[in-house]
Structure formats: structure tokens, C-alpha cells
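Colleague: Structural data only, the sequence is not supplied:
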């Protein structure tokens, strides 16, 4: 099946899918949104007037399947061919084929082009217009040679390389405030093709420096790149903007040679008649002024002047994607040890997110075609299911996977899928259809047991079908038979969700139930710590008050009048108290179990009850609990026996369910699962550090196994004032598919809103109970590794006592055979679970991926956000068994190998001083650095052992959107957008350089929310937001904004509410004043800067990655 083939439009099943009225066209086959051609020419295009045929015997790059090469050129509008006679996706490596080029004789004299006198142009930047969208990006780190032999730098048309011993330090150019000169809603463009605003640049021909895919990508031997003399007068230094300390250019004959294009060398430029080297280092006819862009660069682009007396250097302008670094001879002695890399010149997450929103946010994402890369998680888009599961359910690290294991090993790109089987959909998208096949149950393959799906092939007139996973042929059951049309499709194709949709549900038959009995509706048991700490802090009273109203909002199925879930109550300290709340009682009865070593449930009848029937008894109990324990002096608690009690109660009631545990302290009372305080900061950065992440005892692991067998899920709410050993207490919630919430030093006044909001959401959310998930794949790959909050008793089945819509399971795949480009690869995720109403269901998600024999296709179809999600989970699991330093080094090494393989096999030959990144992985270094600097892998002094264990567990089941904002927080200036505008203000990069003293910023990472107030913010803004007259009177550490009736206050409060609504946990607001003691905490989240715990800045890390890549290549 061709990737670009339009999928057949889906006919609705009796009812239209909401949100798609009148929508036609399949995203896979139709042209996407029209992208204007890049106004800037490509790097190193053909020299104008230097006519050249491709050297004899050099083959054209073979056409590759799919979209145009990612890091190459911009696709123009459909009416204009951006590639001349080449098909979409073909890459031409060399001069543009639209003009017939002819090679100039070698002996031809060099005739310099007439040039205007050089004008020393001030380095004022014109604002960029909206940058081209899928423009090529080769982040050129010219001048980042950190190690290597001394001597003349390697040849290349890039910028000069620095001395080999240069230390890397971040810094920006003197006097250049580049950031301020872009329009507010755009961060600096990051593509190489946009070399200089307003500079006259050549027509869009296939680049060479820019990473196009030369013929050798097909695997043939790469011809050596031949170096020739450089253009006279060509400057090699990096372009420092408005830098005063220029030295004049060295005489031309001392300059290093330049590489030629791959293949037999054409005559080198020194003997060419003709055009000057363009401003951005390209050759080619200068292009006229472009619409929507600033005028031409007024300084003459005088690069190809004849040798003569040394000319003053041209004013240097920054190429947004080259990373400039001044020449050695341009630096005064005191500066020779510093790198001068402009942060605006390196890939910006903000720009990439903004571009994707602009390009892909307006069209629905139609899932008909195989192997389509979805929009980024940060883009709001609608999904139209036409045979593949929505990216809300499954996201992959790559949508085009290597055909062989050798190719996969070479690239080192992990093949993984992040699966969120019960993900919540926006209201405009229809939930999965439920299919009921009656007593016969779902139709499945006889051999591999895969479920009927759109990729199954019906044969013999529809009497049999061939499995798309294992190729086995199975008889179609008589009641499921249907005739085929002339294309071989069943005539009921569009009436059956399992034949035309990527995601759907089957009602399960009794064969899919435990002990061949349909399950009972689940139960919720609330287990409340009533020790001294819990009572004194006000927690017990607050919780009992909230439960009175919250019990009316238990999850219910569809349009049910009331929830089918039953509830029970237990309180505990050193002993357990069970309550009989049977509806026939006038008052609740309490039963105490003090033998915690041998836990049992003292009552069955009256423990689990229907809320509406026992309403008055429950209310009476919740009123009495705070009074009963008001004068307690008991400080010790038990923990494991509480979970055992809940599990035994569910077992006796023969139903699955969930325990809500509210716990305050380390369980040191004599009982099974007793713990001791083992917190020891001296273990940090030693080989024993891993023990801090491991459970103290194996007891909880076996308890978790028993809970999973019973379908008992545990949600844990912790309220510690000191160390409670989250690494051990979290084992049962983690393995049962539950959640942990942590409120350190809980105070009712400041923390109640966060706690109650989390509790309400946790109690009300839909959960699948007693679940088993299996992932099947087509021949050639298989699921080999699983990450997430679950239990596995064998190598294939993921067992979850409970699974909610926030949790993901991450699956890694490995090759076990060769894949074929024609058939691609298939993944089917099947989840068997019990719904809130006690109905047994199967939820199926199917996804088809492309397979490739060219590494270029792999790198063109990767998704960095999913890759980072997988790598973070891999690293966070690694700390359980390896020293943290080993885990960090392994991450850096793997990413360096991924990028080095791209550089070696897919990018065109260029100077080793350049860092070339694939277009869809250009943010890999910045995001990876954020993972390396995270609290788990590099904790600061203030981060506790419990915090690290807590975050480690949280991240392990996060989805891609959550890890994206968790590792690279959103930072929004609040006063830059008109108050009446409803749009979200454009984000800025997470760096202190981006903060303006006169502004107010909101920062969020999914768990924390900060409002940072600059010291020189206008008085009117302070008054509008805080209702105080001046900055000095703002109360630092404030956790809520006053409700004021003015547009700014309302807008900021609405924005905070919308952030909270997007996240699965309530984010408590902290107001931070500039230069206040809380600012250190805030700066911890400015992840592009150096961190106090020793984490590198983005610029420094990019230098380090470049050094690693070069070591691999050499």
C-alpha cells in the first residue's frame, strides 16, 4: 500500500462522527496545507554562471518513499515543483536541474564578477517574517571543534573552526540583542536556509552543506570528498554581530581547502568565471526581493573579489542555524578561551512548537494512510479515525522503521510505542464504538489470537480471512460471513467499526472473565490514617467533610442514574477500625482489629454498601470520625496490614476495586511491612545511591502481586512532615496501576485546594479494573520490553489491577526477522478490563507503520517528544540497578550515536566543524539535557530522597504531552498580549536571558505553577493583579491571586485555570518576586541555563554533544 495513497473516505455508522461535518479528503493522500517556498536560498547551491553537468557516472539520489527529506528543502505550493523534474521526496545533490548546466573547462581563466565597494553595514536586524515551515535545518555548529588535531581546520564552506583547546562556555555576542528584534509571536527561525534576512540569495536548489541525502545513503561506498582551493577573499570566521574586534581577513592563499560535492570532483571554484559567493555561503544567481520579507541587504555581498590588498572584513550577520564562533585571530588574548555562541542561533523548542501549530493545527489529522507522523503533542488538532488508532492512544518514536535489525542497530533509534489505552478524547471526537458479537464473541485469528481489524485480508469470496499478523488463514464464522465487492472488500466494511476504524471495543463473553463468571461492579474503600499527625494538621476533618459530598460523584456508566460502585470505610493508626454502615442501622458500628500480624475482615454484611441506600449512616460516620480521634496521642502507624485488609474485603465480596489510602508517616509500628528510616544523603553519587530508589524489603512486592490477582488497585495520598520512604510505600500503588499524590508539610490553609482537587478528580475518573493488556505485532518485530505502572507475571501480559485515562504503558520493539517495505509493520494493542458498571470489555487499538531500507527515511519520520519520553523512562528504570552516572553516560552515548549515524549516512559531506542535526530531531539535544538535569538524575541540594522516588514513579507512567512540559516547562509573558485577546500569549524559551524586569511571567511544568514578577513591572499591573500599590508590597510566596474585577486580573486567572484544566494533577500557584529567596526555586525550571546542581546549559551541552559525535565519526 502506497503511503501517499488516499484512504477511502469513511461512511459513518448510522451517526455522524462529531466535529467532522462536511469534511472530505484524506490527510494521507491530499496535499497538506500549502507551504510558501523558502525565501532564502539553499546553502552551497550551484555557482551562478558556472554551468555544470553532474559528473559522469554519478547516479541521482534514488527516490525515497514518503515526504520530502526532512532536513533538506521546503516543499513549495502544489502548483510549483520545488525539485524540478524529480518526484516528491527525490533529492538532487548538486545544481538545480531546472537549468541545463555545463561543466566549465579546468583551464578557463578566473573572471571576477563586478562588485560594489564594500559598505561597512551596521548590524541592525530586520524583523523576520514568519519563517518557512518545514525548511531545512542543519544546525551548523561551525567552529565547535572541541578536540582534535591542531593545525589548519578541516575544509568547508562553513565558518572557521576555533583553536582545538578552546573551552566551551555559553555566551552571546556583544551588543547584539537578537531576541528582541523578532516579532513577539516568533522565536528566531532555526532553519539554515534562512541564512540572512534580506540578503539576496540563490534560487531554491538542493543544498549540499544542508543535510540532503546523497546517493551513498543507499548503502554504496561514499566517494571521497575532494578538497580544492578556496575562493579568494572568502572569509572563514564565524559572523559575530556588531563586534568591534575584527582583524582583517588572512590572505587567500593561506586558507584551508574546501570539500567538493560527493562524486568525482568538478573543477573547483578557483577557476570559475562568474558569480560571487552569496552572503550565506551559497553560489548561485541572486534572487530578487521576496514578498513579506525585508528588502535586500544593502552592503555589497563582496565575497568573490580577486586577490589583492586585504579588504576590511564584511559586516558579519548571524545565520540562525550556524553556531558562530570567532576565529582565533579575531579574539583579543583574554577572549581566546571563550566560545561565543549565540543562544538565538541554536534550535528553539518554542519555534518548533509554534511552526507545528501553524502548519498542522487547522486540518484534522486523518489516520487513513500508513506510517503518518502526527502533529506534535503541543498542537491542538482533531483526529479522524480511518483505520489507524488516534495518536491520543498510541504515539511511536518512529513511524518508518528499519527493515533489518542491522540497520536498527546502526541507527540506535529505539523503536517504541507509548500506549494510553483509555485516553480521554476531546468532546468533538467520538469515543470508541462498542461492538457486540453476542455469545460467539469477537472474531479472532486461530493461531496468534489477534482480533479482527482493518488490516485482515478476506479471501475465497469472504469465506476465510488471512491474518495480517501471522499470515494464518482462518474460517469466517457463518454468522459473520459477508460478500466481497469488486475490490475484495466486504460490502459491510463501513458498517463495522472493527473493519474500518483503528480503535473500537468488543463486549467480552463469559470466557473472558475470571472463573468463567461475569464480574460484579467494583468497590471503593476509603482508608484514613487517624494518628496524631493526621488529626492535628486538620487533614481528617477536611477529608471527612469532603467525602460527604464527593460520594455523590462516583463514576457511572453512560446515562446511569447512579453509580454501581459500593463504598466502605476503615480508619487506622497502630490498629484498624472497620465500620458497619448498613442502611438498616441507626448509627454506624465500629469493629477494631488489633492483631495486625494476621489481618482479617471482621464483617462482610454492611461493610461495602450502596451510597444512596446508606446515605444517613455514612454521613453520621463521617461526622463522628474527627470527634472520635480528636484527642488521640497515638503517633505510630502501620501500612501493609491496611492494604491487606482492603484486599481481603474485596476478595470476600468477590469484586475488583480501589483502595484510597490517606497516610502521614513512616510505618514504624510492629507489623508486617514495618520500615526504618534509611535516608542517607551521603550515598549520593556513590555506587550505593541506587539503594535509595529500591524498596527496603521484598514484602511489598509480594503484596502487590496478591493485589493484582484480586483486581485491587491502590491510590496513595501521602502527607509527610519528614522522610516516609516513598520508594517502598509506592511499590503497591505502582504495581497495581494506582497513583501516588504527595503533599509535604500539609497545611489546610495553603494546601487544601490542591489536595481536594486531586481527590475529586481521582475519585471521579473512569477506571478499567482487573485489566490485562497484550501487544501483538506482525512478523518481523516483537514487543520485548515494557515500562509503566503495572505488574507482569510473564513476558507478554501487562497486568493492571486498575488503569485510568492518564496512565500509559510504553512498549519497546525489537526485530526478530526481516521486514518488507511493501507490507510495513503492524501493532495491535488489546486491553481486557472491567468497566465501572461491572461490564467486561475488550478495547482494541491498531496502528500500521512504514518500513524502510534507507536510514534517511527513518530519520525523516521520527518523533522527538516520544523518543524523550522513552529515554527518560529507560533512564529512570536504570537508576534502580546502576549508578546514576552510568545511566547519564549511557543516555548521552546513545543520543550521540543516533546523531552521528545521521551525520555519517544521511547528511551531505561537510566540514567536521559543523554539527548537523536531522530536522525532526533538532530538539533532541535540548530535551535530552533537560532529562539529564532532572531531579532524579542530578538532584540539587534541596531535593529530598522521597522527592526523587516520587518523581521517578510519576514519570514512568506519564504520556508524551506530560513529559514534554515536565522536562521543558512552558514560560509565558503575561503583559505582551492585549488584555482583551483570548489567545494564549506566545511562550518564550526557558532561560533567564528571556526574562524582562518589566514583565510578569507564568511558568508551568504539569506539577508546578509559578508567577514571576519583575522588579520594574508597571505600578498599574501590580495594582491590577495583586491589589497593592507597589512591587515591594507584593506578598512573596502567595498561593492564590486575589479575585479582582479588572480585565488583566480576569485574564491571568483564566489562563491559570486553563493550564490546570489541561493537567492531570492540580498545580499549586507560587508567586515569586524577582531577587527574592524563592527565586532560586523558580530558576531551577529555567532549563536552558546552567543548573545549581551542576547541569550544563543548553549551549554547553550542545558543544559537548558535538564533541561526542565527532569522536564517534573519527
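Modeller: Structure's in. What do you need? Worth saying up front: this structure is predicted, and the values here are computed from it rather than measured.

Colleague: Contacts only, for residue 855.
Modeller: Residues counted as contacts of residue 855 (C-beta atoms under 8 Å, 6 or more residues apart in numbering) are 217, 402, 407, 410-411, 901-902, 905-906. Bear in mind the C-beta positions are built from the backbone N, C-alpha and C, glycine included.

Colleague: and of these, the nearest to residue 653?
Modeller: Proximity to residue 653 was ranked across the contacts of residue 855 by C-beta to C-beta; first place goes to residue 402, at 50.8 Å.

Colleague: residue ranges with poor pLDDT in this protein?
Modeller: Counting by pLDDT under 70, the chain shows low-confidence ranges at 1-340.

Colleague: the domain parsing of it - what is it?
Modeller: The record, using the TED database to delimit domains, assigns the chain the ranges 437-502, 523-765, 863-968, 969-1086.

Colleague: From the contact count, pick out the helices and strands touching the helix or strand harbouring residue 717.
Modeller: For residue 717, the element it lies in under DSSP states H and E is strand 712-718. Counting contacts by 3 or more C-beta pairs under 8 Å, 6 or more residues apart in numbering; DSSP states H and E, strand 712-718 is packed against helix 640-653, strand 657-663, helix 726-729, helix 731-735, strand 740-742, helix 748-764, strand 797-804.

Colleague: residues in contact with the third one?
Modeller: Helix 726-729 has contacts (C-beta under 8 Å, 6+ apart) with 639, 663, 667, 675, 692-697, 700, 716, 718, 740, 742, 945-946, 949-950, 953.

Colleague: try 10 Å this time
Modeller: Contact partners of helix 726-729, identified using C-beta atoms under 10 Å, 6 or more residues apart in numbering, comprise 639-640, 643, 661, 663, 666-667, 673, 675, 678, 691-697, 699-701, 716, 718, 720, 733-734, 740, 742, 880, 944-953.

Colleague: If you go by neighbour count, which of these are buried?
Modeller: Among the contacts of helix 726-729, those classed as buried by 16 or more other C-beta atoms under 10 Å are 639-640, 643, 661, 663, 666-667, 673, 675, 692-693, 695-697, 699-700, 716, 718, 720, 733-734, 740, 742, 944-953.

Colleague: returning to what we had before: would you convert the domains of the chain into a markdown table that also reports distance to residue 815?
Modeller: Formatted as a markdown table, the entries for the domains of the chain read as follows, by distance: least, C-beta to C-beta, whole Å:
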| stretch | distance to residue 815 |
| --- | --- |
| domain 437-502 | 16 |
| domain 523-765 | 30 |
| domain 863-968 | 16 |
| domain 969-1086 | 34 |
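
Colleague: taking the ones you listed together, which one is wrapped up most tightly?
Modeller: With neighbours defined as mean count of other C-beta atoms under 10 Å, the domains of the chain peak in mean count at domain 863-968, which reaches a mean of 22.

Colleague: What strands flank the lengthiest strand in the chain, and is each parallel or antiparallel?
Modeller: Ranked by residue count, the top strand of the chain under DSSP state E comes out as strand 840-852. The sheet places strand 840-852 alongside strand 400-402 (parallel), strand 503-507 (antiparallel), strand 825-834 (antiparallel), with pairing taken from DSSP bridges.

Colleague: where's residue 565 relative to residue 764, distance?
Modeller: Look at residue 565 and residue 764: by C-beta to C-beta, to the nearest Å, they are 11 Å apart.

Colleague: which residues are common contacts for those two?
Modeller: 554-556.

Colleague: Mind checking which of the contacts of helix 726-729 are in strands?
Modeller: Cross-referencing the contacts of helix 726-729 against strands under DSSP E gives 661, 663, 716, 718, 740, 742.

Colleague: quick revisit: quick check: helices, which of the contacts of residue 855 are part of them?
Modeller: When the contacts of residue 855 are checked against helices using DSSP state H, the ones located there are 407, 410-411, 901-902, 905.

Colleague: Quickly find the element holding residue 547.
Modeller: In this structure, residue 547 sits in helix 539-550 according to DSSP H and E.

Colleague: Report all helices and strands that that helix contacts.
Modeller: Helices and strands in packing contact with helix 539-550 are listed as strand 523-529, helix 532-536, strand 566-572, helix 615-628, strand 657-663, helix 748-764; criterion 3 or more C-beta pairs under 10 Å, 6 or more residues apart in numbering; DSSP states H and E.

Colleague: What is the longest one packed up against?
Modeller: Just to be clear, that refers to helix 748-764. Contacts of helix 748-764 with other secondary structure elements, assessed using 3+ C-beta pairs under 10 Å, 6+ apart, are made with helix 539-550, strand 657-663, strand 712-718, strand 740-742, strand 1068-1073.

Colleague: after it, next one along is what?
Modeller: Where DSSP H and E defines the elements, the next helix or strand beyond helix 748-764 is strand 767-777.

Colleague: buried residues in that next one?
Modeller: In strand 767-777, the ones that count as buried by 16+ other C-beta under 10 Å are 767-773, 775-777.

Colleague: In TSV: those residues, plus distance to residue 1054.
Modeller: Formatted as TSV, the buried residues of strand 767-777 follow (distance: C-beta to C-beta, whole Å):
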residue	distance to residue 1054
767	30
768	33
769	36
770	41
771	37
772	42
773	38
775	41
776	45
777	45
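
Colleague: Pull the contacting residues for residue 720.
Modeller: Remark: with contacts taken as C-beta under 10 Å, 6+ apart, residue 720 is in contact with 533, 663-666, 726, 729, 742-746, 944, 946.

Colleague: just to revisit the earlier point, secondary structure and distance to residue 972 added to the shared contacts of residue 565 and residue 764, as a markdown table?
Modeller: A markdown table is the format used below for the shared contacts of residue 565 and residue 764 (DSSP: H, G, I helix; E, B strand; the rest coil; distance: C-beta to C-beta, whole Å):
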| residue | secondary structure | distance to residue 972 |
| --- | --- | --- |
| 554 | coil | 36 |
| 555 | coil | 34 |
| 556 | coil | 37 |
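
Colleague: Any chance of a markdown table for those, columns distance to residue 819?
Modeller: What follows is those, written out as a markdown table (distance: C-beta to C-beta, whole Å):
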| residue | distance to residue 819 |
| --- | --- |
| 554 | 47 |
| 555 | 42 |
| 556 | 45 |
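
Colleague: could you list every residue that touches the closest residue to residue 437 other than its chain neighbours?
Modeller: Take residue 437 and drop its neighbours on the chain: the residue closest to it by C-beta to C-beta, 6 or more residues apart in numbering is residue 506, 6.6 Å away. Under the criterion of C-beta under 10 Å, 6+ apart, the contact list for residue 506 reads 434-437, 441-444, 451-452, 497-498, 512, 830, 832, 840-844.

Colleague: go on, residue 662?
Modeller: Taking C-beta under 10 Å, 6+ apart as the definition, contacts of residue 662 comprise 526-530, 534, 539-540, 543, 571-572, 715-719, 741, 755, 759.

Colleague: mind redoing it with 8 Å?
Modeller: If you count contacts by C-beta under 8 Å, 6+ apart, residue 662 has them with 526-529, 534, 539, 543, 717, 719.

Colleague: of all those, which comes closest to residue 597?
Modeller: The shortest distance between residue 597 and any of these, using C-beta to C-beta, involves residue 527 and amounts to 18.2 Å.

Colleague: quick one: that closest one and residue 641 touch, right?
Modeller: No. Proximity of residue 527 to residue 641 does not meet the contact threshold set by C-beta atoms under 8 Å, at 10.5 Å.

Colleague: Mutual contacts of the two, please.
Modeller: Counting by C-beta under 8 Å, 6+ apart, the contacts common to residue 527 and residue 641 are residue 572.

Colleague: what's the next secondary structure element after whichever helix or strand residue 964 is part of?
Modeller: Secondary structure assignment for residue 964, by DSSP H and E: helix 960-967. Where DSSP H and E defines the elements, the next helix or strand beyond helix 960-967 is strand 970-973.
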